[in-house]
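Novice: 3D model of this:
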Amino acid sequence: MNHEELLSRVVCSTPPSGIRRFFDLANEMKESVISLSIGEPDFVTPWQIVDAGIRSLKSGETHYSSNQGLLALRESICRYLERKFGLVYDPLSETVVTVGGSEAIDAAVRALVDPGDEVVIPQPCFVSYDACVRLAGGVPVTIACRPEDDFKLRIEQLEAAVTPRTKMVILGYPNNPTGAVMTRADLEPLVRFLEDRQIAVVSDELYGELTYAPAVHCSIASFPSMRDRTIVIGGFSKAFAMTGWRIGFANGPATWLGAMNKIHQYAIMCAPTTAQHAAIEALENGDPSVQEMAVEYDRRRRVVLDGVRKAGLACFEPLGAFYIFPDITSSGLDSTTFCERFLHEEKVAIVPGNAFGHAGEGYVRISYAASMENILVAMERLAGFAKRCRGQ
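Specialist: Okay, the predicted model is just below:
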């Protein structure tokens, strides 16, 4: 049997994640490697959250929850969103608990996009957006956000990208990989353009808790005219250091969330029950831990930004997430070659910008979700490597 002949052509045409490629390359090397590649907090999950998961296991909470998730968790999510971002949702009909934010993104796209529908995606962006659209039969329409705009989506770019076939716009701010943040003032012209059009917005706000002064996260769903046009994606992996728990959520109009829950029902059944109990504790009592981690990320952010600039690499100041996105064109290398050589010559793993779309070529993503000790060593090695590249 020819196994390849039976594979889906859509799946075959979808490239594997460029992030995981460099993570795997680093793991395969025999020498010790400093990894600034993966978007994962180096903090362990705060103990009180872990303890809540353990207590749920000890008390026999080892069964399926409802498809939408535990009602207590959905209520906590709604209280959290109102308290933090001024967003009001019904826990019964406008909230679904998912297996991480990634499942929520996929379910949102599949719930709304039919084959041939166009989805506008500002790039550089999280690697899953383009793939989710293609796997749903949709057509990604990418916008190259510009460094002179601090990688924010501008209204003239959106206007040029929208056509009569546009079904959805995916926004990912605070942004992975650039660290860009869209302020309320930045969002206002986009809202005026979208509010009279039959276009859905998926707003990936997984890094909403991780912004640094003077930035403050603003959800596009907080605009009254956009509340019922937007699906908000959230989760626990980044701010709460809960990547391995695989727990996320989506909120939005009841009709759309019902369709997402139908997909979730057949594909997943429900999010892990233990993780759901831990997530309740995170939302109800986790603020001090989140704030403590955010302060440390901010300290690292400033060290890495200073380090890349001292290495001679141009870089705008990111005000969200935990990534720096420097321009490496002065090295004379493309993004992939820069990262491959940096890994093999200096034993530091970072990710080429083109893993996040064509607009990322000429850049690299450096994660500062790593120890300060490793960051300082990596910045020293980056300075030497960049100098050698310019001297060649």
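Novice: tell me the contacts of the nearest residue to residue 130 once chain neighbours are set aside?
Specialist: Nearest non-adjacent residue to residue 130, counting by Cβ to Cβ, 6 or more residues apart in numbering: residue 140, 4.8 Å away. To be clear about C-beta, it is placed using only N, CA and C from the backbone, and glycine gets the same treatment. For residue 140, the contact set (Cβ atoms under 8 Å, 6 or more residues apart in numbering) comprises 118, 119, 121, 129, 130, 133, 134.
Novice: Let me know the secondary structure of residue 140.
Specialist: strand (DSSP: H, G, I helix; E, B strand; the rest coil).
Novice: next one: the one 3 residues further on
Specialist: In terms of secondary structure, residue 143 is strand; the call rests on three-state DSSP.
Novice: Tell me how many other residues crowd it.
Specialist: 19 (other Cβ atoms under 10 Å).
Novice: Tell me the bridge partners for it.
Specialist: Under the criterion DSSP bridges, residue 143 forms beta bridges with residue 122.
Novice: per-residue pLDDT, it?
Specialist: Looking at residue 143, its pLDDT reads 98.
Novice: isn't it right up against residue 119?
Specialist: No. With contact defined as Cβ atoms under 8 Å, residue 143 does not count as touching residue 119 (11.3 Å).
Novice: still on that earlier bit, state the pLDDT value of the residue nearest to residue 130.
Specialist: 98.
Novice: Also residue 323?
Specialist: 98.
Novice: tell me which residues in stretch 381-388 are buried?
Specialist: Neighbour-count burial for stretch 381-388 flags 381, 382, 383, 385, 386 (criterion: 16 or more other Cβ atoms under 10 Å).
Novice: Report the distance from it to the chain centre.
Specialist: 29 Å (Cα atoms, centre = their mean, to the nearest Å).
Novice: And the average pLDDT for it is what?
Specialist: For stretch 381-388, the per-residue pLDDT averages 96.
Novice: ok, residues contacting that stretch?
Specialist: Applying Cβ under 8 Å, 6+ apart, the contact partners of stretch 381-388 are 34, 307-308, 310-313, 328, 330-331, 341-342, 345-348.
Novice: Can you list which of the contacts of residue 140 are found in strands?
Specialist: If you go by DSSP state E, those have 118, 119, 121 in strands.
Novice: and which of the residues you listed is nearest to residue 88?
Specialist: Within the ones in strands among the contacts of residue 140, distances to residue 88 taken as Cβ to Cβ reach their minimum at residue 119, with 26.8 Å.
Novice: Could you double-check that that closest one sits in contact with residue 108?
Specialist: No. With contact defined as Cβ under 8 Å, residue 119 does not count as touching residue 108 (10.5 Å).
Novice: just to revisit the earlier point, so which of the ones in strands among the contacts of residue 140 wins on neighbours?
Specialist: In those, the most neighbours by other Cβ under 10 Å go to residue 119, 27 neighbours.
Novice: distance of that residue from residue 14?
Specialist: Residue 119 is 15 Å from residue 14, where distance means Cβ to Cβ, to the nearest Å.
Novice: now residue 73
Specialist: For residue 73 relative to residue 14 (Cβ to Cβ), the value is 32 Å.
Novice: higher neighbour count, the two?
Specialist: Neighbour count, other Cβ under 10 Å: between residue 73 and residue 14, residue 73 has more, with 26 against 14.
Novice: For residue 84, what are phi and psi?
Specialist: phi -90, psi -40 (degrees, to the nearest 10).
Novice: Now do the contacts for it.
Specialist: Here residue 84 is in contact with 208, 209 (Cβ under 8 Å, 6+ apart).
Novice: What's the per-residue pLDDT of it here?
Specialist: 96.
Novice: And it, how far from residue 117?
Specialist: Taken as Cβ to Cβ, the span from residue 84 to residue 117 is 32 Å.
Novice: Residue 201 too?
Specialist: 14 Å.
Novice: Neighbour count: these two, which is higher?
Specialist: Between residue 201 and residue 117, counting by other Cβ under 10 Å, residue 201 is the more crowded of the two (21 against 17).
Novice: And that one, which helix or strand is it part of?
Specialist: If you go by DSSP states H and E, residue 201 is part of strand 200-204.
Novice: which helices and strands sit right next to that strand?
Specialist: Helices and strands touching strand 200-204, by 3 or more Cβ pairs under 8 Å, 6 or more residues apart in numbering; DSSP states H and E, are helix 100-112, strand 166-172, strand 230-235.
Novice: the helices in the stretch 1-150 of the chain, which residues?
Specialist: Applying DSSP state H, counting those that start in this stretch to the stretch 1-150 of the chain gives helices spanning 9-12, 18-28, 47-58, 71-85, 100-112, 128-135.
Novice: could you say what helices and strands the shortest one packs with?
Specialist: In this structure, helix 9-12 makes packing contacts with helix 128-135, judged by 3+ Cβ pairs under 8 Å, 6+ apart.
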